[in-house]
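**Student:** Sequence first, predicted coordinates after that:
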Amino acid sequence: MAIKSLVQKQNKAGRRAQAMVEFAIALPVLLLLLFGIMEVGRLMLMYTLVSNASRDAVRFASAVGLDDSGTLKYLNCAGIETSAQNSAYFVTLLPFGASNITYDSGPGTTSLGTCQGNGWQNVVSGSRVTVTAQATYTPMVSLIPVSPRTISATSSRTILGIFKLDN
């Protein structure tokens, strides 16, 4: 009887040790999978926020009228950048440069200039404004071998002015 009791105790202890070894083998795989899902979700969130930021900025730039300081909205470079940054609230966008806000007459046409450069004097109602927003994605966990990447989104919209309608 005592031998049978001793064998049963050893089997229970052996089963517990086996479960611990199996858990130790499976844990890294489960953690890698969990962190991978989190990083892909974070990357998708950043892409969506950058895309929305470029759309909101180009929407601001193509709006009719003047901003609060009395400047035409499509010429207010700081206002366009602020609109993009406000839209991408979880993501820090890269600073806008001269190539981030450009004007042209439509797809396939030559550039009329940039917001901070020359040529914006040729921008008229019916011209097109293009805004490019960018952010840098860096993985939070170094377990996954992904290098930092720049996420970029470009949106364009036609600038509509105020047209006088004749009766």
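**Tutor:** Perfect, thanks for sending it.

**Student:** need the longest helix for this protein.
**Tutor:** In the chain, with assignment by DSSP state H, the single longest helix is helix 2-61.

**Student:** Now do that one: distance to the chain's middle.
**Tutor:** 25 Å (C-alpha atoms, centre = their mean, to the nearest Å).

**Student:** Look up how far residue 38 lies from residue 66.
**Tutor:** Counting by C-beta to C-beta, to the nearest Å, the gap between residue 66 and residue 38 amounts to 45 Å. The way it works is simple: take the backbone N, C-alpha and C, and place the C-beta from them, glycine included.

**Student:** ok so, going back, quick check: angle from the next helix or strand after the longest helix of the chain to helix 2-61?
**Tutor:** Toward the C-terminal end, the helix or strand that comes next after helix 2-61 (DSSP states H and E) is helix 77-87. Per axes from the mean of the first three to the mean of the last three C-alpha atoms, to 10 degrees, the angle that helix 77-87 makes with helix 2-61 is 150 degrees.

**Student:** pretty sure residue 66 is touching residue 72, no?
**Tutor:** Yes - using C-beta atoms under 8 Å, residue 66 is in contact with residue 72, at 6.2 Å.

**Student:** the more surrounded of the two?
**Tutor:** It is residue 72, of residue 66 and residue 72, that has more neighbours when counted by other C-beta atoms under 10 Å, with 16 against 12.

**Student:** where's that one relative to residue 149, distance?
**Tutor:** 35 Å.

**Student:** Check residue 55 too.
**Tutor:** For residue 55, the distance to residue 149 - C-beta to C-beta - is 21 Å.

**Student:** tell me the average confidence for stretch 113-123?
**Tutor:** Mean per-residue pLDDT for stretch 113-123: 70.

**Student:** what about that stretch, how long is it end to end?
**Tutor:** 9 Å (C-alpha to C-alpha, to the nearest Å).

**Student:** how far does stretch 74-93 stretch from start to finish?
**Tutor:** In stretch 74-93, first residue to last residue: 20 Å (C-alpha to C-alpha).

**Student:** Buried residues of it, list them for me.
**Tutor:** Using 16 or more other C-beta atoms under 10 Å as the test for burial, stretch 74-93 gives 74-77, 79-81, 83-85, 87-88, 91, 93.
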